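This is the structure alone, sequence omitted:
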């Protein structure tokens, strides 16, 4: 009975199991339909999820591991279900209606698998209902975000210099400055992209465009985006809280902050949240204002200059393209002239080049050249793309006085070398500088020129240089401003090949007229120019000016007739210009000064350099009681006349600046012993010096330019030191330019070692010269070891020196030398450089035969200098 009871107890279980197994077979077709529906639900869910994930990936996010795992399980499930459904369809086809399946066992197994999947699918579907925040994670932030850019042209040396500063642990802040459109941002982008391609130790490289009106909040937001701060909480923070968050992260990391287009020299980085630079973190700034580099405490400064002629042409060719450039055999020559008008400024080269890419006729190119030469601001896109960019620098100038001074400089021709002191006198005459003493006006003028240079609106070889220039495209910008300003009323036509002056009506409405570098031969008529203040007629072919031409110019203050070699006589009406303060007759053919000069009582500047004057009437110049600057260098005056003139000049009360020629030992001694005149002599030509084989120079700390020319008797030049000079270790403090020409017996110029601030040294046609720096002598030994010879030298020109063997018999550092030019010096076999010399800024020009014949004690030196050499015809 017990056995029977056990059997009966098992029957329900067996029945349930048997029933389930039978159901696998009986309900197979129905279960297959259910499986197909569940599979479709799963696929719909998968497709929806994939769309969301792919959308997140487009936003630089990455799908989570949970999503990746679920999608893999879904793919496996769908593959398995598809196999089951395929088998199911086959089984159903093999089943006869109302009959048992032919293969009950296989049908049973299939039915069981269907049920298993039907149970698994809802679970998988349930797992696929992800919340939005677990679909995708933010991708790991790249350390550097590459910036799209073209391959830079002509920036290799600048990039190498900047890269060396980045790798220097002692350098924390690097300042990159230069005029608008010159390529500062391009250099910065090049640095950024190189960091994206190479290994480095920065945790973050952050690029921020600051602009002229910096907004601290905007800058913070750009940094926060790079640091991946959550948007929702970040946007609710106050500025100070944001600064704290940025400080908290960056103070623990090594970062490189790239600040592009910074204008404020006192921009407060701590207000943004930038911590003090530790752990070799660095900042690189780009700016148009040199003051910003100083105000931001830059350890190293890099000036970005315009491209040289070859690199400028390469960039221009890239933008024009071969299709246009070679569509006509004459276009390439015209294109080179068009490119030259851009002055090496990359933004101008790119703008003009792209505009000319579709121009395929020689007439179009010729017309473009004329427009750029005469009215550049009218060239398509030049105003918007180039001049507008430069105008930001003009708009940022300190005040209207500085802007007026800048605009005035556009009167002078392209590539004009401005003399600082002469410019200041002109500004004074025009009333741009505040009334006061000459000293105060001079100081103010120097300040304005410095501000314009630091804004990269003027260019100079160095901070101390008294000659500066205005870039051609910057001048175009200034002229564009003047053309729209009804108050200025400028008439400027230089390099226009004019053979006669513009029509009289144009003269009569102008306040400032500039017509240099034309072919004007005569000035006729009596123009009524009551408002005319400045008239520039330099570098024409003037032969004659009508006697009454200046009759109706009562307000004229500045008259420049310089470099008109054929102009030998001045019109009578010139002496009626009683308001005249600046008169430049330099390098004209004037042979005598009329006594009527005495009528020009307001004259402050008189330029007579390079004129064939033989005699100046006695007491004529001394009658000009307001004369402050007199230029008589490169003069044809006899030695007797110069002596007499020195006596007369002693009585001048207001004379502050003098350029003079001396021709004998007696005259030089007379000038040197004059306490008044020698200390206002800032230009000295010693010409045809007679009376001694030794030329002795007394210290003069205001002298800026010295020329020793055609002194056949001079065998040596020495410096006469006073005890004060030796104790102060100062000699010829301001002397920056020395030229020595045609001195037959001079063997060396060792005296130059005592002159610490020379920037230009030009020596030529001295057949006996064997060394530039000899051994001892020249007065230099008196301060031996106290002066770094040639520490400031930037340009060294040596020409036609057949006996020259050495520049110096030992190596010199030449820390600022940028150009060494050697020509016709066949015996010069050694150069004063060693393997420690930093030649990155140096260019050496000379004949290839001379260069190949040089001798070296250290073979490392030619390897350093070879990249610097340019054959003379290069």
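Structure's in. What do you need? Note that this is a predicted model, so its numbers are computed, not measured.

Am I right that residue 642 is in contact with residue 663?
Yes: contact criterion Cβ atoms under 8 Å: residue 642 and residue 663 qualify, at 6.7 Å. Heads up, the C-betas are built off the backbone N, CA and C, glycines and all.

more crowded one of the two?
Comparing residue 642 with residue 663 by other Cβ atoms under 10 Å, the one with more neighbours is residue 663, at 24 against 20.

Stretch 551-559: which residues count as buried?
Buried positions in stretch 551-559, judged by neighbour count with 16 or more other Cβ atoms under 10 Å: 551-553, 556-559.

from these, which is closest to residue 52?
Nearest to residue 52, judged by Cβ to Cβ, of the buried residues of stretch 551-559 is residue 558 at 75.1 Å.

what's the pLDDT at that closest one?
Note on residue 558: pLDDT of 94.

Residue 35: which element?
According to DSSP states H and E, residue 35 maps onto helix 28-58.

Mind giving me the packing neighbours of that helix?
For helix 28-58, the elements it packs on are strand 61-63, helix 65-93, helix 104-127, strand 136-138, judged by 3 or more Cβ pairs under 8 Å, 6 or more residues apart in numbering; DSSP states H and E.

Take the ones you listed and write them to TSV, including mean neighbour count.
Shown next, in TSV, are those (neighbours: other Cβ atoms under 10 Å):
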stretch	mean neighbour count
strand 61-63	16
helix 65-93	14
helix 104-127	16
strand 136-138	15
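
lowest-confidence stretch among those?
strand 136-138 has the lowest average pLDDT among the helices and strands packed on helix 28-58, namely a mean of 59.

Now the next helix or strand after that strand: buried residues?
Remark: after strand 136-138, the chain's next helix or strand is helix 156-166, criterion DSSP H and E. Going by neighbour count (16+ other Cβ under 10 Å), the buried part of helix 156-166 is 158-159, 161-162, 165-166.

wait, what's in contact with residue 195?
By Cβ atoms under 8 Å, 6 or more residues apart in numbering, the contact set of residue 195 is 143-144, 202, 205, 256.

element containing it?
Using DSSP H and E, residue 195 sits in helix 184-197.

same check, this time on residue 695
Using DSSP H and E, residue 695 sits within strand 694-698.

by contact count, what packs against that strand?
Other elements packing on strand 694-698 under the criterion 3+ Cβ pairs under 8 Å, 6+ apart are helix 665-672, strand 716-720.

can you state the direction angle for the first one and strand 716-720?
When you say that, I think you mean helix 665-672. Here helix 665-672 runs at an angle of 30 degrees relative to strand 716-720 (axes from the mean of the first three to the mean of the last three Cα atoms, to 10 degrees).

now whichever helix or strand comes after helix 665-672: mean pLDDT?
Beyond helix 665-672 on the C-terminal side, the first helix or strand identified by DSSP H and E is strand 681-690. Mean pLDDT, strand 681-690: 91.

Flag every buried residue along strand 681-690.
Within strand 681-690, the residues scored as buried using 16+ other Cβ under 10 Å are 681-687, 689.

Identify the bridge partners of the closest residue to residue 421 other than its chain neighbours.
Leaving aside its sequence neighbours, residue 421 sits nearest to residue 657 (Cβ to Cβ, 6 or more residues apart in numbering; 5.9 Å). Beta-bridge pairing of residue 657 under DSSP bridges involves residue 629.

count of neighbours near residue 657?
Counted with other Cβ under 10 Å, residue 657 comes out at 20.

In this structure it contacts residue 420, no?
No: shown here, residue 657 and residue 420 do not form a contact pair, counting by Cβ under 8 Å, at 10.9 Å.

Show me the shaky parts of the stretch 201-350 of the chain.
Within the stretch 201-350 of the chain, not a single segment meets pLDDT under 70.

Now do the strands in it.
All strands of the stretch 201-350 of the chain, identified by DSSP state E, counting those that start in this stretch, fall at 204-211, 255-262, 282-287, 300-303.

Dump these to CSV, plus distance to residue 762 and mean neighbour count.
Below are those laid out as CSV (distance: least, Cβ to Cβ, whole Å; neighbours: other Cβ atoms under 10 Å):
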stretch, distance to residue 762, mean neighbour count
strand 204-211, 43, 19
strand 255-262, 39, 23
strand 282-287, 35, 24
strand 300-303, 24, 17
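
Adding distance to residue 317, write the ones you listed out as a markdown table.
Formatted as a markdown table, the strands of the stretch 201-350 of the chain follow (distance: least, Cβ to Cβ, whole Å):
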| stretch | distance to residue 317 |
| --- | --- |
| strand 204-211 | 30 |
| strand 255-262 | 28 |
| strand 282-287 | 26 |
| strand 300-303 | 26 |
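
And stretch 564-584, end to end?
End-to-end distance for stretch 564-584: 11 Å, by Cα to Cα, to the nearest Å.

List the buried residues of it.
564, 567, 570-577, 580-584.

taking these one by one, which sit in strands?
582-584 (DSSP state E).

strand partners of the strand holding residue 695, parallel vs antiparallel please.
strand 716-720 (parallel).

So which residues of the stretch 251-400 of the chain form helices?
Counting by DSSP state H, counting those that start in this stretch, the stretch 251-400 of the chain has helices at residues 269-272, 290-295, 309-320, 322-325, 331-341, 346-355, 362-374, 388-395, 400-409.

where are the low-confidence patches of the stretch 751-874 of the chain?
Along the stretch 751-874 of the chain, the model assigns pLDDT under 70 to residues 775-788, 873-874.

Please tabulate the helices and strands packed on helix 28-58 in JSON lines, including the columns distance to residue 297.
Formatted as JSON lines, the helices and strands packed on helix 28-58 follow (distance: least, Cβ to Cβ, whole Å):
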{"stretch": "strand 61-63", "distance to residue 297": "40"}
{"stretch": "helix 65-93", "distance to residue 297": "47"}
{"stretch": "helix 104-127", "distance to residue 297": "58"}
{"stretch": "strand 136-138", "distance to residue 297": "35"}
